[in-house]
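**Student:** coordinates for the following, if possible.
(one chain, ligands or ions: 1)
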Amino acid sequence: MAAPDASLVLLEAERLALQVGERWLCCEFSLRLAAGECLVLLGPNGAGKTTLLHTLAGLRAPTVGAVRLGGRPYAEWDSLAAARFRGLLAQQQPDHFSASVLQTALIGRHPHLGRWGWESAADVALARAALGELGLADFAERDILNLSGGERQRVSIATLLTQAPQLFLLDEPTNHLDLHYQIAVLDLFARLKGAGRGVVMVLHDINLAARFADHVILLDGKGGVLAGTSAEILQAEHLGRAFDHPIRRLDADGRTLFIPD
Ligand SMILES: Nc1ncnc2c1ncn2[C@@H]1O[C@H](COP(=O)(O)OP(=O)(O)OP(=O)(O)O)[C@@H](O)[C@H]1O
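**Tutor:** The predicted structure follows:
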């Protein structure tokens, strides 16, 4: 794999603040994600993680401040070019119609297709390879309406891999996944990060955040934000305050673990 070009800034947010209705989800903060880095968004239910992720994805405008993708505001991006640069794994997949797993994974190629929109043999090969990465090689002809929750989540991740963006924005990527696939999926994104991609993900598991994050943004659900390196933010005191529950830090075999008291 090529060494990451850390000088390439994939995503920046400057003096960002977000409001929904009358409520401020977060006060002003800034972030900068370079190629080869992983940022994890943490916080209690309703704190604003998905809203922040969607703002970083350019799906909604910030209330205050600016977001830049690859150095340019979203307004200066053509939507297809932006879809080739950043891809979003949404929290839920609204499936209304039958489609095969392979057809679904191929949706990831849409931003790359030419004028007539036909997928080539190379596109199909990419989709099949992505399904293989997620342990779905034998699922290509299955109907997405008949999959288990974890299988459907893996198809969504395969679709995002098929899209092959520079920057991955993941809303709870471990949703519905068993222990094996939680680690397998996060290891996969760690490898992509090592190859120079960027990763921003919402997680609920503090220990997975400790294992995979370089940077953390911790929302406390009352408008407060802590942003910094993983070591700076993942401290029992900060976490306990944000989650409104005492949390203890344990160090075992060179690993840090956080457990609720
Ligand atoms: N369009 C909207 N109008 C009003 N309130 C909204 C809107 N969108 C989101 N909210 C509220 O904003 C808050 C933040 O929602 P968000 O989905 O970003 O939280 P979250 O941190 O991702 O939560 P969870 O951990 O439960 O997924 C919630 O209280 C939600 O009800």
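
**Student:** can we go C-alpha only for contacts and neighbour counts from here?
**Tutor:** OK.

**Student:** distance of Gly224 relative to Leu33?
**Tutor:** Noted for Gly224: a distance of 21 Å to Leu33, by Cα to Cα, to the nearest Å.

**Student:** okay, those two: which has more neighbours?
**Tutor:** Shown here are Gly224 and Leu33; by other Cα atoms under 10 Å, Leu33 has more neighbours (24 against 16).

**Student:** how close does that one get to Val9?
**Tutor:** For Leu33, the distance to Val9 - Cα to Cα - is 6 Å.

**Student:** one more: Ala164?
**Tutor:** For Ala164 relative to Val9 (Cα to Cα), the value is 18 Å.

**Student:** which one of the two has more residues nearby?
**Tutor:** A count of neighbours by other Cα under 10 Å puts Ala164 above the other of Ala164 and Val9, at 21 against 18.

**Student:** I figured that one hits Leu88, correct?
**Tutor:** No - using Cα atoms under 8 Å, Ala164 is not in contact with Leu88; the gap is 11.0 Å.

**Student:** now do the most far-flung residue of the chain relative to its centre against His110, distance only.
**Tutor:** When distances are taken from the C-alpha mean of the chain, Trp116 lies farthest, 30.4 Å away, according to Cα atoms, centre = their mean. Look at Trp116 and His110: by Cα to Cα, they are 11 Å apart.

**Student:** close enough to count as contact, Leu167 and Val199?
**Tutor:** Yes - the pair Leu167 and Val199 qualifies as a contact (Cα under 8 Å) at a distance of 5.9 Å.

**Student:** so if I had to pick from those two, which one is more boxed in?
**Tutor:** Leu167 (30 against 27).

**Student:** can you give me the neighbour number for Asp40?
**Tutor:** That one is not Asp; residue 40 is Val. 25.

**Student:** ranges for the strands of the stretch 101-250 of the chain?
**Tutor:** 167-171, 198-202, 215-219, 225-229, 247-252 (DSSP state E, counting those that start in this stretch).

**Student:** distance to the ligand and mean pLDDT for the ones you listed - can I get that in CSV?
**Tutor:** What follows is those, written out as CSV (distance: least, Cα to the nearest ligand atom, whole Å; pLDDT from 0 to 100):
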stretch, distance to the ligand, mean pLDDT
strand 167-171, 8, 98
strand 198-202, 8, 98
strand 215-219, 8, 98
strand 225-229, 12, 97
strand 247-252, 18, 94
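
**Student:** among those, which is nearest Lys49?
**Tutor:** strand 198-202 (6.5 Å; Cα to Cα).

**Student:** next, the angle from the closest one to strand 167-171.
**Tutor:** 10 degrees (axes from the mean of the first three to the mean of the last three Cα atoms, to 10 degrees).

**Student:** paired strands for strand 198-202, with orientation please.
**Tutor:** strand 38-42 (parallel), strand 167-171 (parallel) (DSSP bridges).

**Student:** the first one: how far from the chain's middle?
**Tutor:** Spelled out, it's strand 38-42. Computed by Cα atoms, centre = their mean, to the nearest Å, the chain-centroid distance of strand 38-42 equals 8 Å.

**Student:** swap in the last one?
**Tutor:** Using Cα atoms, centre = their mean, the mean C-alpha position of strand 167-171 is found 3 Å from that of the whole chain.

**Student:** kindly export it (C-alpha atoms) in PDB.
**Tutor:** The C-alpha trace of strand 167-171 is given here as PDB (Å, rounded to 0.1, in the frame of the first residue of the first chain):
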ATOM      1  CA  LEU A 167     -13.000  10.100   2.500                       C
ATOM      2  CA  PHE A 168     -15.300   7.700   4.200                       C
ATOM      3  CA  LEU A 169     -18.100   9.200   6.400                       C
ATOM      4  CA  LEU A 170     -19.600   6.400   8.400                       C
ATOM      5  CA  ASP A 171     -22.700   6.600  10.700                       C
END
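
**Student:** name whatever forms a beta bridge with the residue most central in space within the chain.
**Tutor:** For the chain, the residue nearest the mean C-alpha position is Leu170 (1.8 Å; Cα atoms, centre = their mean). For Leu170, the beta-bridge partners under DSSP bridges are Leu89, Met201.
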